[in-house]
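> Predicted model follows, preceded by the sequence.
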Amino acid sequence: MTTSPPPLTRDVSTMSLIEFREAFDQFDPAGNGSITTNSLGDALTQCGAKVPGFKVRDICDSYKDGTISFDEFLKILNQVKTKNNFKQTIKPMDEAKKIHVQKGNEKGNSWTTHTYSEEEKLAFVDWINFRLVKDPQLKGILPIKEDGESLFKALHNGIIMNKLVNDSVPDTVDERALNVPDANGKLSIFKIQENQTLALNSCIAIGCYVISIGAQDLIEGKPHLCLGLLWQIIRIGLMAKITLKDCPGLRALLDEFESLEQLLAMSPEEILCRWVNYQLNKVGCKRVVKNFTTDIKDSEVYAHLLVAVCPEDKGPIGLEPLNIQDHTRRAEMVLENAASIDARSFVRARDIVSGNQKLNLAFVANLFNMYPAMDDAGEFEIIEETREEKTMRNWMNSLGATPRVKYIYEDLKDGLAILQLFDKIKPGCVNWPKVNKPPFKALGGKMKQIENCNYAIALGKEIGFVLVGIDGNNLHDGDKLTLALVWQMMRHYTLSLLTHDGKILKDNEIIAWCNTKLEEAGKDSKFTGFKDASLANSRAIVDLIEAISPGHINYDLMTPAANDDDKFLNARYAITMARKIGARIFALPEDITEVNPKMIMTVFACIMSVGFAKENMK
C-alpha cells in the first residue's frame with residue numbers, strides 16, 4: 001500500500017518552515033539530512049517547543065536506528081504542539097524578540113496571530129537600504145525607516161521585491177517591464193498585482209520555495225510571509241559566490257582525502273564554517289567553529305576573523321575587544337571593527353550575543369564575499385555548473401527539495417531528493433516505508449542508497465520515461481545521465497499543467513495551439529517546432545503573450561534582434577512578461593537565443609497553461 005510521505009509542511013507557514021529547517025540543521029553538522037535522537041530535545045527547544053525529558057525519551061523509543069529525518073522532525077513538532085497535555089510548554093521561538101500581529105474579522109470572531117522577528121526586520125531593512133538606495137526608481141521610497149511596519153509598506157507595490165531578486169541573481173527580471181507609479185505617485189491595484197505576480201514567479205525561478213504565498217499577501221504586507229521570502233532571496237544572493245569558480249582558493253578547505261565533488265556538495269553553512277576555521281588557524285586562534293549560534297556568542301571568533309581577513313590598505317585591526325568582559329559591549333566593539341572595513345551588516349551586538357543563526361550566517365557570508373582572503377590554490381580544473389544544471393537545480397529547490405540541492409550529481413546520489421520530486425510530480429506514487437533513510441552507515445550504506453536510486457528509476461519507467469541504459473548505479477555515481485532523468489521529471493511536471501480530457505498534451509498539440517492563438521490574434525509570427533531558428537528573436541513568444549493577455553506587451557521595447565545583445569534583451573523581456581502574466585518559467589534568456597528546444601518547449605507550455613486558465617475563467 002502506498003503511504004504518503006511524512007512531511008507536514010502544509011501545517012506550517014513558509015517562514016516557519018525555513019526557521020525550523022535552520023534550527024534542525026544546527027544539529028546536523030554533517031548535512032546528512034538527519035539528527036540523532038540524543039539531539040531531539042535540544043532541536044525541539046530551538047524551535048520553541050520545550051518538551052519534558054521523559055516525553056522526549058518516549059518519542060525517541062519509536063526511532064530504533066537512533067536517527068530522525070527532517071520530515072519526521074516536522075511530524076514530531078506538529079504532534080507536540082497540538083497535544084493538550086503540552087500546550088503550556090510550547091513557547092514561540094525567541095519569544096522576547098517576536099512581534100505579534102493579529103489579522104482577522106472582529107464580527108466573525110475569526111483571528112489569526114502571526115509573529116515575526118524584529119531583529120530580522122531591522123537586518124533586512126539595513127540590507128535593502130544598502131543595496132538599493134542608489135536606484136533612481138526608488139528615490140523617495142528608500143531609505144526605509146526601521147520603525148513600525150515601514151518595511152512592509154515599502155514592499156506594497158512589488159518594485160523593491162523585484163529589484164532585490166535582480167540584486168541576488170542579476171538579469172532575472174527585465175526592469176523595463178515593471179509597472180511604476182505615475183507622476184502623481186499613483187499605481188493601480190491591477191498594476192501592483194502584476195508586479196507582485198512577477199516577483200513571486202521570479203523568486204521561484206531562482207530557486208525559492210514559495211508555498212502558501214500569493215500576490216495579495218505581499219500587497220497586504222503580511223510580515224511573516226514577506227520576511228520569509230526576503231530571507232530566501234537575500235540568502236540565495238549571499239551564497240551565490242561561495243563557489244570554486246568565484247573563489248578557487250576554497251580548494252584549500254578540503255582535507256587530504258576529500259574531492260572537489262565533495263566540496264561542491266557541501267552546504268554553504270559547512271563551507272563557511274571551514275572558511276572561518278581556516279582563517280582562525282592563520283592567526284593562531286585555537287577556536288573551532290561548528291555553528292553560527294553558540295560558537296560565536298562571545299565574539300572571540302569574530303575578533304580574530306576580522307584580523308585575519310582585513311586587507312592591508314584598511315588595517316590593521318586589533319584584538320582590543322577581547323579585553324572587554326561584557327559580551328554585549330565586546331560585540332559592539334567587534335562590529336565597529338567590521339564597520340572600519342565596510343563589512344558591518346545584518347547583525348547588531350545583541351544578535352551576536354543571542355546567537356541568531358540566520359543573521360550571523362548572513363554576516364559571515366557577506367564578509368566572505370567581500371574579503372575571502374584565500375591563498376592561491378594553484379592550477380586545477382574547476383568543476384563549473386552548467387546552465388542546464390543550474391536550471392534543473394533551481395526547479396528542484398522551488399519544489400521544496402529537502403535538504404536543498406546544491407550540486408546535482410552529489411546531492412541526488414542517495415535517491416532521496418529524486419523520490420521527493422516524484423511525489424511532487426505524481427502525488428502518492430512513492431511508497432515511503434520502502435525508502436531507505438539516512439544516516440547511511442559505512443558498511444552497507446552504499447547499497448541502501450543504490451536501492452533508493454533503483455526505486456527512482458523504476459518509478460520513472462512506470463510513468464513512461466525513456467530511461468534506456470540508466471540504472472541506480474548511474475545516479476549514485478553522479479553520472480551525467482542523472483540530468484536525463486531530472487529533465488524528464490521537469491518536462492512531465494510542466495506538461496502535467498496541460499491536460500485535455502485527462503490526457504497530457506504532446507509537443508505537436510502545444511505547437512498547434514500556439515500557432516492557432518497567434519493567427520486568431522492577427523499576429524504574423526508562427527513556428528514549425530521548438531527547434532525553429534526564428535524563435536531566437538523571441539517575437540513569437542511575446543506575440544503569444546499579447547494574444548493571451550492583450551495590452552501587456554510594449555513592442556517599443558522589442559529590438560530588431562540584429563545581434564546577440566539585442567536577442568538577449570528580447571528574450572529577457574519575453575521571459576519577464578510571461579512571468580508577469582502568471583507563467584512559472586525556469587528557462588533563461590540564453591535558452592531562447594540559442595534555441596534550446598527542451599527549454600523553449602517549457603516556455604510555450606507554461607504560457608499555454610496561463611491561456612488555459614484564462615479560458616476556464618471565462
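Perfect, I can see it now.
> you'd agree Cys514 is up against Cys606?
No: when contacts are counted by C-beta atoms under 8 Å, Cys514 is not listed as touching Cys606 (11.7 Å). Any C-beta I mention is one placed from the backbone N, CA and C, and that applies to glycine too.
> pLDDT weak spots in the stretch 1-150 of the chain?
The stretch 1-150 of the chain contains residues with pLDDT under 70 at 1-18, 29-32, 81-114.
> That one: helices as residue ranges?
14-25, 40-46, 53-60, 70-82, 118-132, 150-154 (DSSP state H, counting those that start in this stretch).
> quick one: which of the ones you listed is nearest Ser354?
helix 118-132 (8.1 Å; C-beta to C-beta).
> Show me which residues of the closest one are buried.
119-129, 131-132 (16 or more other C-beta atoms under 10 Å).
> list the helices and strands it packs on?
Of the remaining helices and strands, those touching helix 118-132 by 3 or more C-beta pairs under 8 Å, 6 or more residues apart in numbering; DSSP states H and E are strand 98-105, helix 150-154, helix 159-168, helix 223-239, helix 349-354, helix 357-370.
> Nearest to Val289, out of the ones you listed?
helix 357-370 (9.1 Å).
> Taking their axis directions, the closest one and helix 223-239 sit at what angle?
Angle, helix 357-370 to helix 223-239, by axes from the mean of the first three to the mean of the last three C-alpha atoms, to 10 degrees: 30 degrees.
> Helix 357-370: what's the following helix or strand?
helix 387-398 (DSSP states H and E).
> which residues touch the helix or strand just after that next one?
Sequence-wise, the next helix or strand downstream of helix 387-398 (DSSP H and E) is helix 408-411. Contacts to helix 408-411, defined as C-beta atoms under 8 Å, 6 or more residues apart in numbering, come from residues 261-262, 264-265, 389, 392-393, 396, 403, 405, 417, 478-480, 482-483, 486.
> so who does the closest residue in space to Cys247 that isn't next to it in sequence touch?
The shortest distance from Cys247 to any non-neighbouring residue, by C-beta to C-beta, 6 or more residues apart in numbering, is to Pro372 (4.9 Å). Residues near Pro372 by C-beta under 8 Å, 6+ apart: Cys247, Gly249, Trp275, Val309.
> residues contacting the third one?
By that I understand Trp275. Leu250, Leu253, Phe368, Pro372, Met374.
> Next: the last one.
With contact set as C-beta under 8 Å, 6+ apart, Val309 has these partners: Gln279, Leu367, Tyr371, Pro372, Ala373.
> if we go to 6 Å?
By C-beta atoms under 6 Å, 6 or more residues apart in numbering, the residues touching Val309 are Tyr371, Ala373.
> which residues in the stretch 401-550 of the chain form strands?
For the stretch 401-550 of the chain, the strands defined by DSSP state E, counting those that start in this stretch cover 499-500, 503-504.
> partner strands of the last one, parallel or antiparallel?
Okay, so that is strand 503-504. Take DSSP bridges as the rule and strand 503-504 pairs in its sheet with strand 499-500 (antiparallel).
> What average pLDDT does the partner strand get?
Averaging pLDDT along strand 499-500 gives 67.
> Grab the most central residue of this protein for me.
Geometric centre of the chain, nearest residue: Cys208, 3.4 Å, by C-alpha atoms, centre = their mean.
> Helix, strand, or coil at that one?
coil (DSSP: H, G, I helix; E, B strand; the rest coil).
> Let's test this: what are the backbone torsions at it?
Phi and psi for Cys208, reported as degrees, to the nearest 10, are phi -70, psi 150.
> How many residues are close by the nearest residue to it once chain neighbours are set aside?
Counting by C-beta to C-beta, 6+ apart, the nearest residue to Cys208 once its immediate chain neighbours are dropped is Gln232, at 4.3 Å. Burial of Gln232 is recorded as 21 neighbouring residues (other C-beta atoms under 10 Å).
> My guess is Gln232 contacts Val210. True?
No: counting by C-beta atoms under 6 Å, Gln232 stays clear of Val210, with 8.2 Å between them.
> pretty sure Val347 is touching Ala362, no?
No: using C-beta under 6 Å, Val347 makes no contact with Ala362, being 7.7 Å away.
> higher neighbour count, those two?
A count of neighbours by other C-beta under 10 Å puts Val347 above the other of Val347 and Ala362, at 29 against 25.
> that's a strand at that one, yeah?
No: under three-state DSSP, Val347 sits outside any strand and is assigned coil.
> For Lys526, grab the count of nearby residues.
Counted with other C-beta under 10 Å, residues neighbouring Lys526 total 15.
> Tell me the pLDDT of the residue nearest to it when sequence neighbours are not counted.
Leaving aside its sequence neighbours, Lys526 sits nearest to Asn515 (C-beta to C-beta, 6+ apart; 4.9 Å). Note on Asn515: pLDDT of 97.
> now Phe530
At Phe530, pLDDT is 97.
> Quick check: the closest residue to it other than its chain neighbours vs Ile296, distance?
Nearest residue to Phe530, sequence neighbours excluded (C-beta to C-beta, 6+ apart): Pro597, at 4.0 Å. Distance, Pro597 to Ile296, by C-beta to C-beta, to the nearest Å: 49 Å.
> and the two? which has more neighbours close in?
Comparing Pro597 with Ile296 by other C-beta under 10 Å, the one with more neighbours is Ile296, at 27 against 13.
> And for the nearest residue to that one once chain neighbours are set aside, the neighbour number?
Distance criterion C-beta to C-beta, 6+ apart; nearest residue to Ile296, sequence neighbours excluded, is Asn360 at 5.8 Å. Neighbour count for Asn360, taken as other C-beta under 10 Å: 24.
> residues contacting Asn360?
Neighbouring residues of Asn360 by C-beta under 6 Å, 6+ apart: Phe292, Ile296, Val347.
> which one of these is nearest Ile141?
Val347 (24.9 Å).
> what's the closest one in contact with, if anything?
So Val347 contacts Leu359, Asn360, Phe363 (C-beta under 6 Å, 6+ apart).
> Closest to Asn78 out of the residues you listed?
Of the contacts of Val347, the one sitting nearest to Asn78 (C-beta to C-beta) turns out to be Leu359, at 26.3 Å.
> How many neighbouring residues does the nearest residue to Asp351 once chain neighbours are set aside have?
Residue nearest to Asp351 in three dimensions, not counting chain neighbours: Leu359, with 4.8 Å by C-beta to C-beta, 6+ apart. Residues lying near Leu359 (other C-beta under 10 Å) number 24.
> what sits against Leu359?
Contacts of Leu359 by C-beta under 6 Å, 6+ apart are Ala123, Phe346, Val347, Asp351.
> Distance to Gly582 added to the residues you listed, as a markdown table?
Below are the contacts of Leu359 laid out as a markdown table (distance: C-beta to C-beta, whole Å):
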| residue | distance to Gly582 |
| --- | --- |
| Ala123 | 32 |
| Phe346 | 33 |
| Val347 | 38 |
| Asp351 | 38 |
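> Count the residues that sit near Pro582.
For residue 582 the amino acid is Gly, not Pro. As a measure of burial, Gly582 has 20 neighbours, counting by other C-beta under 10 Å.
> My guess is it contacts Gly611. True?
No: Gly582 is beyond contact range of Gly611, at 10.0 Å (criterion: C-beta under 6 Å).
> got any ranges where the chain has weak pLDDT?
In the chain, residues with pLDDT under 70: 1-18, 29-32, 81-114, 500-502, 618.
> export the longest helix along it as CSV, just CAs?
Looking across the chain with DSSP state H, the single longest helix is helix 597-617. The C-alpha trace of helix 597-617 is given here as CSV (Å, rounded to 0.1, in the frame of the first residue of the first chain):
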residue,chain,number,x,y,z
PRO,A,597,14.3,23.1,-27.9
LYS,A,598,13.8,21.5,-24.5
MET,A,599,13.6,24.7,-22.5
ILE,A,600,11.7,26.6,-25.3
MET,A,601,9.1,23.9,-25.0
THR,A,602,8.7,24.6,-21.3
VAL,A,603,8.3,28.4,-22.1
PHE,A,604,5.4,27.8,-24.5
ALA,A,605,3.8,25.1,-22.3
CYS,A,606,3.8,27.5,-19.3
ILE,A,607,2.3,30.4,-21.3
MET,A,608,-0.2,27.9,-22.7
SER,A,609,-1.2,26.9,-19.1
VAL,A,610,-1.9,30.6,-18.4
GLY,A,611,-4.1,30.7,-21.5
PHE,A,612,-6.0,27.6,-20.4
ALA,A,613,-6.6,29.2,-17.0
LYS,A,614,-7.9,32.4,-18.6
GLU,A,615,-10.3,30.4,-20.9
ASN,A,616,-11.6,28.4,-17.9
MET,A,617,-12.3,31.7,-16.1
